[in-house]
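the following block contains a protein sequence and its predicted model.
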2 protein chains.
Amino acid sequence: MADEAPLQLLHSELIQYISKSADAEDTENGRNISKLESLGCRVGQGLIEKLTKDSPRFKDELDIMKFICKDFWICVFKKQIDNLRTNHQGVYVLQDNNFRFLSNLSAGKQFLDHAPKYLAFSCGLVRGALSNLGVRSIVTAEVSVMPSCKFQVLVQKV
Amino acid sequence: MADEAPLQLLHSELIQYISKSADAEDTENGRNISKLESLGCRVGQGLIEKLTKDSPRFKDELDIMKFICKDFWICVFKKQIDNLRTNHQGVYVLQDNNFRFLSNLSAGKQFLDHAPKYLAFSCGLVRGALSNLGVRSIVTAEVSVMPSCKFQVLVQKV
């Protein structure tokens, strides 16, 4: 638990900080969310470079996704993605049944509205990591029951 | 290395983000630094609560400082403070010979000017942790040779 606490706490404070320093308009049109997403993206880019420094070349897209689900996720969240599904046409669904950044929120339905700001940074993380491995993507996330969470990766063919 | 990378990267991006979103006046009068410090303070408060949850009561101030130098530092930076000195009158100097948040900066003298913004968050961390253990303090930091760094804690007697 203590191992991931610093990152988790900094992440929460960052959300507070960005929400507080923004004006009402920013909140309304989702500019806060996009700030968090782009911060995450840059962290993801840096991190994947460190992690893959000595890795052999990846075989294919699926191989890259597996790396994200395992090594990358363990590095950030100290656990693996619980389930990876794909339609083999560029859509991947990564399911985390106990997503760390949601684990401090009450598990009921009452905070579901707040979920997006707790997920934006991590969507960015995945997008940034993938982009530095040559995969352009759109990453979204959804929560139906806290603290489990699904990330959907939509690969952009060039 | 990889273990502390997410926190380290997020910390750098946070500094970038706060510097970028501020206007020239904020930068000049050090408001950026104080934002980072207060963010750190809240993270320190949360973290020390998690870490001391099952600890026995501390004997005295020195005992608390030793905890900060060891358990707390290891949790955040994956290493201990290298040297702790005190005048036994409320002044403590914590020396870290390879401070993680400076380790990505070139070790020459050319970036010494940038050091304060890389230290503010951590000064806050220490102040926040101490405050939740009932020790009011002023925490400052100085760097003479990168990446080593000295934190000075000045305990405020009530």
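Sure, I can see it.

going forward, measure contacts and count neighbours with C-alpha atoms only.
OK.

what about the lengthiest helix in chain A and chain B, any contact?
Looking across chain A with DSSP state H, the single longest helix is helix A:31-51. Yes: Helix A:31-51 lies within reach of chain B by C-alpha under 8 Å from any C-alpha of the partner chain, at A:39-40, A:42-43, A:46-47, A:50-51.

of these, keep whichever come out buried.
A:39-40, A:42-43, A:46-47, A:51 (16 or more other C-alpha atoms under 10 Å in any protein chain shown).

name the nearest of those relative to B:Val91.
A:Val43 (36.7 Å; C-alpha to C-alpha).

separation between the closest one and A:Ser131?
12 Å (C-alpha to C-alpha, to the nearest Å).

A:Leu133: what's it in contact with?
Neighbouring residues of A:Leu133 by C-alpha atoms under 8 Å, 6 or more residues apart in numbering or on different chains: A:Ile64.

quick check: closest non-adjacent residue to the residue most central in space within chain A.
Centroid check for chain A by C-alpha atoms, centre = their mean gives A:Ser122 as the closest residue, at 2.2 Å. In this structure, A:Ser122 finds its nearest non-sequential neighbour in A:Gly40, 6.1 Å apart by C-alpha to C-alpha, 6 or more residues apart in numbering or on different chains.

relative to A:Val139, how far out is that neighbour?
12 Å.

can you list residues touching both of those two?
In contact with both A:Gly40 and A:Val139: A:123-124, using C-alpha under 8 Å, 6+ apart.

confirm that A:Val93 sits in a strand.
Yes: per DSSP: H, G, I helix; E, B strand; the rest coil, A:Val93 lies within a strand segment.

dump the residue contacts of the closest residue to it other than its chain neighbours.
Nearest non-adjacent residue to A:Val93, counting by C-alpha to C-alpha, 6+ apart: A:Gln152, 4.6 Å away. Each residue near A:Gln152 by C-alpha under 8 Å, 6+ apart is listed here: A:91-94, A:139-141.

paired strands for the strand or helix carrying A:Gln152, with orientation please.
Assigned by DSSP states H and E, A:Gln152 belongs to strand A:149-155. Using DSSP bridges, strand A:149-155 pairs in its sheet with strand A:91-96 (antiparallel), strand A:137-142 (antiparallel).

what average pLDDT does that strand get?
Over the span of strand A:149-155, the pLDDT mean works out to 96.

please pull out the lowest mean pLDDT helix or strand from chain A.
helix A:24-28 (a mean of 70; mean pLDDT, DSSP states H and E).

quick one: distance of that one to the chain centre.
Mean C-alpha position of helix A:24-28 versus that of the full chain (C-alpha atoms, centre = their mean, to the nearest Å) differs by 23 Å.

next: stretch A:75-91.
Distance, centroid of stretch A:75-91 to centroid of chain: 11 Å (C-alpha atoms, centre = their mean).

same check on stretch A:53-69?
Centroid separation for stretch A:53-69 versus its chain: 17 Å, with C-alpha atoms, centre = their mean.

what residues does that stretch touch?
Taking C-alpha under 8 Å, 6+ apart as the rule, stretch A:53-69 contacts A:80-81, A:84, A:94, A:126, A:129-130, A:133, A:135.

among those residues, which are located in helices?
Using DSSP H, the members of the contacts of stretch A:53-69 that fall within helices are A:126, A:129-130.

same for the least confident helix or strand of chain A, what does it pack against?
Helices and strands touching helix A:24-28, by 3 or more C-alpha pairs under 8 Å, 6 or more residues apart in numbering or on different chains; DSSP states H and E: there are none.

so what touches it?
Here helix A:24-28 has contacts from A:19, A:32, using C-alpha under 8 Å, 6+ apart.

can you give me the distance of A:Pro56 to A:Gln156?
According to C-alpha to C-alpha, A:Pro56 stands 24 Å off from A:Gln156.

neighbour-wise, which of the two wins?
A:Gln156 (11 against 7; other C-alpha atoms under 10 Å in any protein chain shown).
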